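Student: Pasting the sequence and the predicted model now:
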Amino acid sequence: MSKFIDKTLSNAIGYIQQSIYSEKYAKRNGLLQGIDGRVKIIALLFLIISAVYAKTIDMLLFFIVLSMILAVASKISLTFFIPRVWFFVPVFTGIIVLPATLNVVTPGREIFTLLSIKSWHLSITREGIHAAVILVARAAATSSFAILITLTTRWNDTIKAMHDLKFPKVFVLILSMSYRYIFLLLDMIKNMLLSRKSRLMGKEKSLGSWKLYSPIIASLFMKAFSLNGRVYHAMLARGFGNEPRSMKKKSIGIKSVLFLLLCTSLAIAMLICERQEVFQCLLP
Amino acid sequence: MPPPVMELYDISYTYPDGTEALKNITAKIFSGESIAIAGPNGAGKSTLLLIMAGLLAPSSGEVKIFGRIIDGKMINDAKKMYEVRKRIGIVFQDPDVQLFSSTVHDDVAFGPIHLGMNMDEIESKVGDTLKFLGLEHVAEKHPYELSGGEKRKAAIATVLVSSPEVLLLDEPTADLDPKSRKEFVELLKKLKEGGKTIVIATHDMEVLPEIAERIIVIDREKVTEGPARDVLMDEKLLDKANLDVPVVARLFKMLESSGLNCDEIPFNTDSAIEIIKKLMKS
């Protein structure tokens, strides 16, 4: 059991450090990386809203393909991007949506019977599958755009963009400081685990190992609490008056303006098409 | 005598858990001097620096900063403390406490932004400070990516950028390698020449003679206070406070007791070399 926890924690720490800290894709010279952070958030938010309102599979497929084109244009390999989107979406949304495929939830034309007791039967319906596919595709399309924002924007630029877009100041400050200190606290956990491991002799019993983790958690809380007080003093000493301030806004380039216009018009056009049910007629 | 920038009268501080960190300390820091607060671990040096920076109010006693009495109510009032925050800079012992923004540039800019400087002035000051400390190449880096020495320099940059008159440094040489330590001592000398008042809390007795003119030794309460040379020569007193005479001085004292005739005891290797050269010539 202890091996299981150790490995889970180490892998979780490694994953967070790799995915957030490396900013590997955000540093590349691609399409989305060259777009202003504020514009990127607004533009992709429009596409996300448009995808949320999409009712047809064709339209959702269009959004998914569009996200892939944007990924390639931003020098993100599809072998990295697709599993990142499609690993979590089917796992979480797929599980939630499974009951919707059944005739007891979504009545319709039955295509496969799972269970039959006398006159009552439990089956998968065509309408149920359609509803499930729509939901999974919608989740995939929206999360693709959200993932594109996080992959192509350095965290610091995201924070600045949020500040400029008038997200609540305290929320932005908390996010920014969480990003700063998550690594320090992760390092602390890693070192505490290593120190524990170095003093461990023989095989641990499951219950014993669980008991040993509770002081580590308590110690981490105490360290984080003490750090919090000292950081507040450091901020206070440099003029912080409980109200965060930041540097002036950068001007937005022509490339970003064009990208914003293109995405918003596309999103609005898609919404209009969907509403008028013309979109399907336009597709071959 | 220059005017005092800080005056502490009979101050004591007890932590909420009942631990007495400081007891009846009286001291004055004068403008332009470099002073060390020496003491063993747990002597209350960091707490004393927080009180001197106007970040912590003493449990009893009176604190005057730039002639103004500082009390517990004022400490969290940004307007009332503006002058103190602008004129005093404190560098914490742990650079991870000091560097809380997501890039070095933003961290250095934090003070000027919150002290209300205009944006052009901020950019120019941040650039100049990073250049002065040789940190331009790490400006856009996350503080987590810096080495120990770079972190320490960046922590100093976050304070120097606001050009404070008084610099309070808590164990500044604690995690520095010998080269960075030497560079750091040179930096402090430069700052001192520039007229800054420097207060260093440390138990690193090797670095003290290089930068401090005066030393206050504390171990919860004041043990002694005096010119650096006098304090560093008092082996018994330093021993009582769990501190040590610098290695070079100890060596020369031993040689002196074995018959070596030298005019003065050196406290660092450079002066020791000079004395040895003189002795060899004679």
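Tutor: Right, received. Where do you want to start?
Student: okay, CA-based contacts and neighbour counts for the rest of this
Tutor: Noted.
Student: residue boundaries of the strands in the chain?
Tutor: Just so you know, I chose chain A. For chain A, applying DSSP state E gives strands covering A:110-117, A:120-125.
Student: That was the other one, I meant chain B.
Tutor: B:4-14, B:20-30, B:34-38, B:60-65, B:68-69, B:88-91, B:166-170, B:197-202, B:214-219, B:221-227.
Student: of those strands, which approaches residue B:48 most closely?
Tutor: Evaluated with C-alpha to C-alpha, these place strand B:20-30 nearest to residue B:48, the distance being 7.5 Å.
Student: how much distance is there from the lengthiest helix in chain B to the middle of the chain?
Tutor: When chain B is parsed with DSSP state H, its longest helix is helix B:178-193. Taking the mean of its C-alpha atoms, helix B:178-193 sits 12 Å from the chain's own mean (C-alpha atoms, centre = their mean, to the nearest Å).
Student: Extract the C-alpha set from that helix and format it as PDB.
Tutor: Taking C-alpha atoms only, helix B:178-193 is exported to PDB below (Å, rounded to 0.1, in the frame of the first residue of the first chain):
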ATOM      1  CA  PRO B 178      32.100  31.100  -1.000                       C
ATOM      2  CA  LYS B 179      32.200  32.900  -4.400                       C
ATOM      3  CA  SER B 180      28.600  34.300  -4.100                       C
ATOM      4  CA  ARG B 181      29.400  35.200  -0.500                       C
ATOM      5  CA  LYS B 182      32.400  37.200  -1.500                       C
ATOM      6  CA  GLU B 183      30.400  38.900  -4.200                       C
ATOM      7  CA  PHE B 184      27.700  39.700  -1.700                       C
ATOM      8  CA  VAL B 185      30.200  41.300   0.700                       C
ATOM      9  CA  GLU B 186      31.500  43.500  -2.100                       C
ATOM     10  CA  LEU B 187      27.900  44.400  -2.900                       C
ATOM     11  CA  LEU B 188      27.200  45.500   0.700                       C
ATOM     12  CA  LYS B 189      30.400  47.500   0.700                       C
ATOM     13  CA  LYS B 190      29.300  49.300  -2.400                       C
ATOM     14  CA  LEU B 191      25.900  50.000  -0.900                       C
ATOM     15  CA  LYS B 192      27.500  51.300   2.200                       C
ATOM     16  CA  GLU B 193      29.700  53.600   0.200                       C
END
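Student: one step back: minimum distance to residue B:278: which of the strands of chain B has it?
Tutor: Closest approach to residue B:278 among the strands of chain B (C-alpha to C-alpha): strand B:221-227, 25.6 Å.
Student: That closest one to strand B:20-30, inter-axis angle?
Tutor: 20 degrees (axes from the mean of the first three to the mean of the last three C-alpha atoms, to 10 degrees).
Student: For the stretch 151-284 of chain A, what lies in contact range of chain B?
Tutor: A:156, A:176-177, A:179-181, A:183-184, A:227, A:230-231, A:233-241, A:244-248 (C-alpha under 8 Å from any C-alpha of the partner chain).
Student: burial count for residue B:206?
Tutor: 15 (other C-alpha atoms under 10 Å in any protein chain shown).
Student: least trustworthy helix or strand in chain A by mean pLDDT?
Tutor: Within chain A, no helix or strand scores below helix A:279-282, which has a mean of 54 by mean pLDDT, DSSP states H and E.
Student: Nearest to chain A, out of the strands of chain B?
Tutor: strand B:88-91 (6.9 Å; C-alpha to the nearest C-alpha).
Student: Let me see the mean pLDDT of the closest one.
Tutor: Strand B:88-91 carries an average pLDDT of 94.
Student: ok, of the residues of the stretch 151-284 of chain A next to chain B, which come out buried?
Tutor: By neighbour count, with 16 or more other C-alpha atoms under 10 Å in any protein chain shown, those hold A:156, A:176, A:179-181, A:183, A:227, A:230-231, A:233-241, A:245, A:247 as buried.
Student: Next step: the residues of the stretch 151-284 of chain A next to chain B restricted to helices.
Tutor: Using DSSP H, those in helices are A:156, A:176-177, A:179-181, A:183-184, A:227, A:230-231, A:233-237.
Student: and which of those residues is nearest to residue A:193?
Tutor: When these are compared against residue A:193 (criterion: C-alpha to C-alpha), the nearest one is residue A:184, at 14.3 Å.
Student: Next, count neighbours for the residue nearest to that closest one when sequence neighbours are not counted.
Tutor: In space, and not counting its chain neighbours, residue A:184 is closest to residue B:144: 7.6 Å by C-alpha to C-alpha, 6 or more residues apart in numbering or on different chains. Neighbour count of residue B:144, defined by other C-alpha under 10 Å: 19.
Student: Tell me who's in contact with residue B:144.
Tutor: A:180, A:183-184 (C-alpha atoms under 8 Å, 6 or more residues apart in numbering or on different chains).
Student: same deal with residue B:57?
Tutor: Applying C-alpha under 8 Å, 6+ apart, the residues near residue B:57 are B:51, B:70-72, B:75.
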